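In: Sequence plus predicted model, see below.
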Amino acid sequence: METKKDVNEKKVIDEKEIEKVTGIQTEETEKSKDEVANVETIVEENGDIETAEIEEKVEAKIAKEKGKIAKEEATIEAVKEEAEIAKEKVTVEAVKEEKKVDDRLFVRINEYGDECKDGKYITFGHYPNALKDKDVEIVSLSANSNGYYLGSDDCEYMAFIATPASRKNKFADGRKIKKKTTYYFKVEAIIWRILSEENNKALLLAESIIDNHAYNNTKRTKKIGGNKIFANNWEYSEMRKWLNNDLYNKAFKDMEKMIIMPTTFENKQTAISEDQNVYAMEQNNTSDKIGLLSYNNVLKPSFGFLNDEYEFDLARRKKVTEYAISAGAFVYLNKDKLIYANFINNGWWYLRSPHTNSASSVSRIHQFGVSDTFIPANKKQGGVVPVITLKLK
């Protein structure tokens, strides 16, 4: 039988054993914790290593991609540069081609408008003519140095506020021309008929009425330098001044002006009229870049006209451009009788000769082609059919 002492000693032994075991377990636990911590550290360190490796690989790949992109961009830039060079070459060629066309300041054509070296007509200079087509848009916001706008068809157009002579006047498409309305007119080559040609020079007459202008601003006689100047005097007329300045600068470029030869116009009585004309006796001859035909000129068979002032001469009849109609030129519109059908859209035009009727009367060509008619010098509806001398070579 165990005594109390034995029990107490055994209890002490058991407690020591427990402490020993517990100590061992605690040590082992701490050791395990340390090992776990070491493992976590290792894992963590390994994780950093893996991340570093991945980042390094990614950065390497990014660098590679960047290099590839840079190479592609360089290729694109090279292609763009080549394209620009090619474009410049095309532009240069186009300019050369355009210059080649510009070198031909005029072109000879036949009555059908076809280019012909022996043609009786010439295209030279440019002037507002036909109304802009409805499908053409004006693409420039402002006018160029010539006062013209660019159309979507790459042609130049002039903006003009209409001042028609009659409310009945219409465009070719049937639309009525409204006063104070802005319209755009295509700037086109002027067609001229060759009246005479010799020594590489040609006397040219516009084939249409291209504009309108009064012969003079007044019908009154005035004094200049003590001399009496009638309203029908060509030398001092507003028409002559306007033709040789405004129209001249508007219709011709600098290079074209170089081949326009001064024309000597004989303004004495015998040169401008068969009749006794007291208003022509004191007139002087003039030298002009642009002028008008005389009464005698439009009766010359060598110029292609009939030598009869009362004949309805086809060569003397002139159509009026849409621009000129909108500017105020007279245009014939009588459709009541079939006999007048051939005169539709014809207009009357000024000659430079004074008429025998009065000091304020000027000779003109009627819309039917008759030359024995006159009109007051201040009529703004008068058509303008200019004449020039052109150097051919």
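Out: Yep, it's here. Quick caveat, the model's predicted, so the values are computed rather than measured.
In: ok, residue 156 touching residue 145?
Out: No - with contact defined as CB atoms under 8 Å, residue 156 does not reach residue 145; the gap is 11.3 Å. Every residue, glycine included, has its C-beta placed from N, CA and C.
In: Compare the two and say which is more crowded by neighbours.
Out: residue 156 (21 against 5; other CB atoms under 10 Å).
In: Return the distance of that one relative to residue 250.
Out: Between residue 156 and residue 250 the distance, using CB to CB, to the nearest Å, works out to 12 Å.
In: Check which residues of stretch 184-203 are buried.
Out: For stretch 184-203, a neighbour-count test (16 or more other CB atoms under 10 Å) marks 184-188, 190-195, 201-203 as buried.
In: Please tabulate the residues you listed in CSV and include pLDDT and secondary structure as additional columns.
Out: Conversion of the buried residues of stretch 184-203 to CSV gives the following (pLDDT from 0 to 100; DSSP: H, G, I helix; E, B strand; the rest coil):
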residue, pLDDT, secondary structure
184, 98, strand
185, 98, strand
186, 98, strand
187, 98, strand
188, 98, strand
190, 98, strand
191, 98, strand
192, 98, strand
193, 98, strand
194, 98, strand
195, 98, strand
201, 96, strand
202, 97, strand
203, 98, strand
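In: which pair in those spans the largest distance?
Out: Largest separation among these by CB to CB: 184 and 201, giving 35.9 Å.
In: Phi first, then psi, for the residue nearest to residue 217 when sequence neighbours are not counted.
Out: Leaving aside its chain neighbours, residue 217 sits nearest to residue 238 (5.3 Å; criterion: CB to CB, 6 or more residues apart in numbering). Backbone torsions of residue 238, given as degrees, to the nearest 10, read phi -70, psi -30.
In: Contacts only, for residue 238.
Out: Residue 238 is in contact with 213-217, counting by CB atoms under 8 Å, 6 or more residues apart in numbering.
In: gap between it and residue 223?
Out: 17 Å.
In: Residue 250 belongs to a strand?
Out: No - counting by DSSP: H, G, I helix; E, B strand; the rest coil, residue 250 falls outside a strand, being helix.
In: Number of residues surrounding it?
Out: 16.
In: Local confidence estimate at it?
Out: Per-residue confidence at residue 250 stands at 96 (pLDDT).
In: now swap in the one 4 residues further on and tell me
Out: pLDDT for residue 254: 95.
In: So what does it look like in phi/psi?
Out: Per degrees, to the nearest 10, the backbone of residue 254 is at phi -60, psi -40.
In: same check, this time on residue 134
Out: phi -60, psi -30.
In: how does the protein divide up, domain by domain?
Out: What the record gives for the chain is the domain set 8-103, 192-391, from automatic domain parsing.
In: Need the winner for burial among those domains.
Out: Each of those was scored by mean neighbour count; the highest is domain 192-391, a mean of 19, by mean count of other CB atoms under 10 Å.
In: Name the helix or strand for residue 107, please.
Out: Using DSSP states H and E, residue 107 maps to strand 106-109.
In: and that strand, which residues are buried?
Out: 106, 108-109.
In: Residue 221 and residue 231 touch, don't they?
Out: Yes - using CB under 8 Å, residue 221 is in contact with residue 231, at 6.4 Å.
In: who touches the residue nearest the centre of the chain in this structure?
Out: Centroid check for the chain by CA atoms, centre = their mean gives residue 156 as the closest residue, at 2.5 Å. By CB under 8 Å, 6+ apart, the contact list for residue 156 reads 126, 144, 146, 148-150, 186-187.
In: do you know how far the residue nearest to residue 366 when sequence neighbours are not counted is from residue 349?
Out: With CB to CB, 6+ apart as the measure, residue 373 is the residue that lies nearest to residue 366, at 4.7 Å, once sequence neighbours are left out. Taking CB to CB as the measure, residue 373 falls 11 Å from residue 349.
In: Can you give me the pLDDT of the closest residue to residue 329 other than its chain neighbours?
Out: Nearest non-adjacent residue to residue 329, counting by CB to CB, 6+ apart: residue 212, 3.6 Å away. Here the pLDDT value assigned to residue 212 is 97.
In: before we move on, what about the one 4 residues further on?
Out: As predicted, residue 216 sits at a pLDDT of 95.
In: does residue 315 count as helix, strand or coil?
Out: Applying three-state DSSP: residue 315 is helix.
In: Show the contacting residues for it.
Out: If you count contacts by CB under 8 Å, 6+ apart, then residue 315 has 304-306, 369 around it.
In: could you redo the last one with a cut-off of 6 Å?
Out: Neighbour list for residue 315: 304-305 [criterion: CB atoms under 6 Å, 6 or more residues apart in numbering].
In: And for residue 263?
Out: By CB under 6 Å, 6+ apart, the neighbours of residue 263 are 288, 291, 389.
In: Mind putting these into TSV with distance to residue 365?
Out: Below are those laid out as TSV (distance: CB to CB, whole Å):
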residue	distance to residue 365
288	19
291	15
389	20
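In: quick one: which of those residues is nearest residue 116?
Out: Nearest member of the contacts of residue 263 to residue 116, counting by CB to CB, is residue 389, at 21.2 Å.
In: pretty sure that closest one is in a strand, no?
Out: Yes - under three-state DSSP, residue 389 sits within a strand.
In: how much space between it and residue 79?
Out: Taken as CB to CB, the span from residue 389 to residue 79 is 55 Å.
In: Good, wrapping up.
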